[in-house]
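Engineer: Could you look at this predicted model? Sequence included:
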Protein chains: 2
Amino acid sequence: MSNIRKVAELAGVSVATVSRTLKSPDIVSPATRERVRQAVETAGYRPNQMAVQFRSRRSNNLAVLVPTIANTFFARVIGGIQQAAQAQGYGVLLCNTLGREELEIQYAGMVAGRQADGVIQLRAFNPFPADAVEPGRPLPMVNACEVLDDAPCPTLRIDNRAAARTLTEHLIALGHRRIAMIQGPRRSPLTRDRVAGYRDALEAAGIPSSDDLLYPGDFTPRAGYDAAGALLARDLRPTAVFCESDEMAIGAISRLKQAGFAVPGDVSVAGFDDIDFASYSDPPLTTIAQPAEEFGQRAVDMLIDILEARGDVEPRVVLPHELVIRDSTAPPGG
Amino acid sequence: MSNIRKVAELAGVSVATVSRTLKSPDIVSPATRERVRQAVETAGYRPNQMAVQFRSRRSNNLAVLVPTIANTFFARVIGGIQQAAQAQGYGVLLCNTLGREELEIQYAGMVAGRQADGVIQLRAFNPFPADAVEPGRPLPMVNACEVLDDAPCPTLRIDNRAAARTLTEHLIALGHRRIAMIQGPRRSPLTRDRVAGYRDALEAAGIPSSDDLLYPGDFTPRAGYDAAGALLARDLRPTAVFCESDEMAIGAISRLKQAGFAVPGDVSVAGFDDIDFASYSDPPLTTIAQPAEEFGQRAVDMLIDILEARGDVEPRVVLPHELVIRDSTAPPGG
DNA sequence: ATGAAAGCGCTAACAC
DNA sequence: GTGTTAGCGCTTTCAT
């Protein structure tokens, strides 16, 4: 493999000139520039990025901490991250953490080890040890989607409480009063905020809310399926179910139909995220659309703003969501 | 940030000893070892991986070229890759190529630029220029899932032809004779092999095959939806549809139901991949299960075998598939 | 078992 | 506009 010295010899110039020709061609005379280009060509020279990174103290990599890439929504977010990162000359180091904190901490250590310049964390957990915060330096992290209340870095999310309230209001407006909720993980801020929004709507409508209409889940179809089963065993069957992910909604619908109930005839089902499959489900899902790709792109932009110290980064960004009404929700007994 | 020299000073040893303590503790005396550990601790020392990589000439990163991460099947494969890579101390550089060759070539260039030690390519395309093949050195690449016939590296796939044949035979055994196929991209070896298997089955049953039962697609639900629409416009409606992905099958079912046809009553629909949603679709999908996570894990193992020259790597690995019969297929007119 | 020292390939002062 | 040179932080001979 050829290096910068070989190229310099070939071109009859110094290594500094070769370096300059590559980094800032404009400060090199056209003649030299051309000779160097030739030499690069004939030598088949590719700069050793490990050396470049080492010397310039920047890895140009972003570490992405994702609970699970198997989740359709996260896959879209990562698509957005990848696209934006690539456009700005950064690589994406993927870290599937399965929500395990020790793994998240380990991966965040890639910043201390200079493997990555910064971290995009898609879960509400700060993987940096307290002593990683160099006083004066901002933490090289952006926390997106599921966000820590007191995140020590910029955050990016939708207004989950408002979204959940809107969705619940939609259900109430259709005439539902017994509305169950299939939730995400119990301790997630996502779940907490969405339950709050759900309660907001019930309360505003004068409907008493009851904890036993709340079913825990984990965003997977299986969880929705199981929760729907539990829900059907109740004496007073809910007439509507608000699922915290489209995946769970699809699972729930499957279970409901299997038990002989029509959706939305007997039970209305609403989802969250607006994944691709939401439109192709039977019935097509009423859901809250989140700007998944934009989450990724914005997170990258914000992180690079931090890394390259391009002025101040907005600390708390809230992206718009949208209620998408399809056919999985209808008046009760309709 | 502290470096190895500071630690050496603190411990009162040479940098070489610190390095040794970290890399091969066993060749350092227990006493020194302990002093160094102390020093590392008090200094809060983390080796600069950029320097380590630079010096040792290995990035310990694997580049993964994936057409689109938004595809559920690929997302699972990547999950497997990530898991195996992490277990063996490698990082995963994600490259969403959208099937664009110039991007694939650019990303494969990360190997020449020492950003990555090797490449896992999930599409049938060789992104390495001819002169990248150092004579004598094997190409640091594994080609998995969609595989080049004459791939210049080990490949990993299922027997797509056999799988398609099995699935088609299942349809024929149910009594279908007019079986349409909604395909992947026209020029993909995946499509070619599966069409071949489909034809094998028809031929063996003495059913004439006709090209106009073949509908092009791109693996997305939308493509399945559209193709199903086209298919319904025919004079003689097929009684069964073989879709080259579960995503397309779900899209197709959506379109069929929308047009008032029952699945499988009026039209049987089969998919491919056995994604999570396949079980929760209505009706649950008959499909071919592929070992997605295993694809990822095996690809990583094979690639690392190449990189670390651990003996010979099996050049053509074929993983098992399985026909999963659910409710989306039934006898015609049933 | 440990230390001294060379150098990986590159960038960035600093000189001319 | 170009060359000289000093490292970046680490690993790894080669001595001792």
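Structural biologist: The structure has been received and is ready for your questions.

Engineer: those strands in the stretch 101-250 of chain A, which residues are they?
Structural biologist: A:118-121, A:141-144, A:155-158, A:179-182, A:214-215, A:240-243 (DSSP state E, counting those that start in this stretch).

Engineer: so where is chain A shaky, pLDDT-wise?
Structural biologist: By pLDDT under 70, the weakly predicted segments of chain A are A:133, A:334.

Engineer: the helices in the stretch 1-150 of chain A, which residues?
Structural biologist: In the stretch 1-150 of chain A, the helices defined using DSSP state H, counting those that start in this stretch lie at A:4-11, A:15-23, A:30-43, A:49-56, A:72-87, A:101-112.

Engineer: From residue A:144, how far out is residue A:124?
Structural biologist: Relative to residue A:144, residue A:124 is positioned 10 Å away (CB to CB, to the nearest Å). In this view, the C-beta of every residue, glycine as well, is placed from N, C-alpha and C.

Engineer: same check, this time on residue A:260
Structural biologist: On the measure of CB to CB, residue A:260 and residue A:144 end up 41 Å apart.

Engineer: So for those two, which residue has more residues nearby?
Structural biologist: Neighbour count, other CB atoms under 10 Å in any protein chain shown: between residue A:260 and residue A:144, residue A:144 has more, with 27 against 8.

Engineer: related to what we said a few turns ago, mean neighbour count, the strands of the stretch 101-250 of chain A: which tops it?
Structural biologist: Ranked by mean neighbour count, the strands of the stretch 101-250 of chain A are led by strand A:240-243 with a mean of 31 (mean count of other CB atoms under 10 Å in any protein chain shown).

Engineer: Parallel or antiparallel, which strands does that strand pair with?
Structural biologist: strand A:179-182 (parallel), strand A:268-270 (parallel) (DSSP bridges).

Engineer: And the contacts of the following helix or strand past the last one?
Structural biologist: When you say that, I think you mean strand A:268-270. Next along the chain after strand A:268-270, taking DSSP states H and E as the criterion, comes helix A:277-280. With CB atoms under 8 Å, 6 or more residues apart in numbering or on different chains as the test, helix A:277-280 has contacts from A:72, A:246, A:249-250, A:271, A:284-285, A:287, A:324, A:326, B:221, B:225, B:250-251, B:253-254, B:277.

Engineer: so what's residue A:274 closest to, chain neighbours aside?
Structural biologist: Of all residues not flanking residue A:274 in the chain, residue A:289 sits nearest, at 3.7 Å (CB to CB, 6 or more residues apart in numbering or on different chains).

Engineer: swap in residue A:305?
Structural biologist: Closest to residue A:305 by CB to CB, 6+ apart is residue A:313, at 4.7 Å.

Engineer: Tell me which of the helices of the stretch 1-150 of chain A is the most buried.
Structural biologist: Greatest burial across the helices of the stretch 1-150 of chain A, using mean count of other CB under 10 Å, falls to helix A:72-87, with a mean of 23.

Engineer: Could you tell me which residues of the stretch 101-250 of chain A lie near chain B?
Structural biologist: Residues of the stretch 101-250 of chain A lying close to chain B (CB under 8 Å from any CB of the partner chain) are A:103, A:109-110, A:112-115, A:131, A:220-222, A:225, A:247, A:250.

Engineer: where's the closest residue to DNA strand C within the stretch 151-300 of chain A, which helix or strand?
Structural biologist: In the stretch 151-300 of chain A, the residue that lies nearest DNA strand C is residue A:300 (23.1 Å; CB to the nearest atom of the strand). Here residue A:300, judged by DSSP H and E, is contained in helix A:292-307.

Engineer: rewinding a little: the residue nearest to residue A:305 touches residue A:304, doesn't it?
Structural biologist: No. With contact defined as CB atoms under 8 Å, residue A:313 does not reach residue A:304; the gap is 9.6 Å.

Engineer: still on that earlier bit, ok, the residues of the stretch 101-250 of chain A next to chain B vs residue B:18, which is closest?
Structural biologist: Ranked by distance to residue B:18 (CB to CB), these are led by residue A:113 at 15.7 Å.

Engineer: how about the closest residue to that closest one other than its chain neighbours, what does it touch?
Structural biologist: Using CB to CB, 6+ apart and skipping the chain neighbours, the partner closest in space to residue A:113 is residue B:49 (4.2 Å). With contact set as CB under 8 Å, 6+ apart, residue B:49 has these partners: A:110, A:113-115.

Engineer: Identify the farthest-apart pair in the residues you listed.
Structural biologist: A:110 and A:114 (8.0 Å).
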